[in-house]
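# predicted model, plus sequence, below.
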Amino acid sequence: MKKTMDISLLELVKLLKKREFLLGLIMVLIMGGGMTYGAYMFPDSFGVHNVIAFYGNFSSILIMFLAAKCLGEEFDLKTATFVFTSRSSRIQIITAKIVSIALASMLIGLCGGIFYDIALTVCKQPWTAAMLIGTIGKEILIYMIYGFAIGATAIMITCFLNTTITPFIYLIVLFWIMPSVLQLIGQKITALGKVMDYVLFCLSDQLLMYQDWSVKNIAVFIITGVAFSIAGVAVLQKKDL
């Protein structure tokens, strides 16, 4: 366990040092600042709740890209053989990469919580110190769960495709496009609409943008993330690297 956590921290440092992470985080922060300003200038029409919703929309792209790049880069740079034939087992390495994505997502969630608190104060909404701290903690937790599920999904897809760009495109399709398509179909097929309430891709916006962290939603994210992690490890174990 300790070895896995050590590898996770090393993977986290690698993620945080990536130019894409820094540039992406700066862009998300700029967008978040713009949303906060919009809530301040137009409190009646825009609303404080839209700050965290739009922030989640932008940050989801960053998390998906980091998740796809975390393992995909090993194949792109031809370092996968060296990494997966080291003293650490493949299970440990995959677990560490997923954990590092969740930890990086927590940092993004921390920034989102701070923006939300700023929006509450500048827009003169009712608040207390405990409420502001609780908001930040809630965002960190939500982003950790979201990052874990996205990371597990990206790792599983990458284990099949062995690249960065294609898994990233798959994530965009699964989490951005597919829910809308399924929703249209679900309007005509009642049974499908009920099934969508338990599909990870269809619940991502509810958790990240609309802050619906009900027990059901959290359970779907965690269970699906664990299942995808196991599937990814199973595929990778059979690969001849």
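Thanks, I have it.
# quick one: pLDDT of residue 156?
Here the pLDDT value assigned to residue 156 is 94.
# likewise the one 4 residues further on?
With respect to pLDDT, residue 160 has a value of 91.
# what's around residue 178, how many residues?
Residue 178 has 14 neighbouring residues, counting by other Cβ atoms under 10 Å. Where C-beta positions appear, they are placed from N, C-alpha and C, glycine not excepted.
# could you do the one 3 residues further on as well?
When counting by other Cβ under 10 Å, one arrives at 10 neighbours for residue 181.
# use 21 as the first number for this chain going forward.
Taking 21 as the first residue, the last one we looked at is residue 201.
# need the helices for this protein, in chain order.
Assigned helices in the chain, in chain order: 22-37, 39-61, 69-96, 100-104, 110-142, 149-181, 185-192, 198-206, 210-215, 220-228, 235-258 (criterion: DSSP state H).
# same for the lowest-mean-pLDDT helix or strand in the chain, what does it pack against?
Among the helices and strands of the chain, helix 210-215 carries the lowest confidence by mean pLDDT, DSSP states H and E, at a mean of 75. For helix 210-215, the packing partners by 3 or more Cβ pairs under 8 Å, 6 or more residues apart in numbering; DSSP states H and E come out as helix 198-206.
# can you give me the buried ones in the helix it packs on?
By neighbour count on 16 or more other Cβ atoms under 10 Å, the buried set for helix 198-206 is 199, 202, 206.
# tell me the angle of that helix relative to helix 220-228?
Here helix 198-206 points in a direction 110 degrees away from that of helix 220-228 (axes from the mean of the first three to the mean of the last three Cα atoms, to 10 degrees).
# contact partners of helix 198-206?
Here helix 198-206 makes contact (Cβ atoms under 8 Å, 6 or more residues apart in numbering) with 212, 213, 216, 219, 221, 222, 224, 225.
# tell me the contacts of the residue sitting nearest the centre point of the chain?
By Cα atoms, centre = their mean, the chain has its centre lying nearest to residue 167, at 3.1 Å. By Cβ under 8 Å, 6+ apart, the contact set of residue 167 is 83, 87, 121, 122, 123, 124, 125, 126, 128.
# what residues does the least confident helix or strand of the chain touch?
Around helix 210-215, the neighbours that count as contacts under Cβ under 8 Å, 6+ apart are 202, 205, 206, 207.
# mind running it again at 6 Å?
Under the contact criterion Cβ atoms under 6 Å, 6 or more residues apart in numbering, helix 210-215 has outside partners 205, 206.
# can I get it as PDB, trimmed to CA atoms?
Output in PDB follows, covering the C-alpha atoms of helix 210-215 (Å, rounded to 0.1, in the frame of the first residue of the first chain):
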ATOM      1  CA  THR A 210     -39.300   5.100 -20.900                       C
ATOM      2  CA  ALA A 211     -37.200   2.100 -19.800                       C
ATOM      3  CA  LEU A 212     -34.100   3.700 -21.200                       C
ATOM      4  CA  GLY A 213     -34.800   6.900 -19.300                       C
ATOM      5  CA  LYS A 214     -34.800   4.900 -16.000                       C
ATOM      6  CA  VAL A 215     -31.600   3.100 -16.900                       C
END
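# cheers, nothing more for now.
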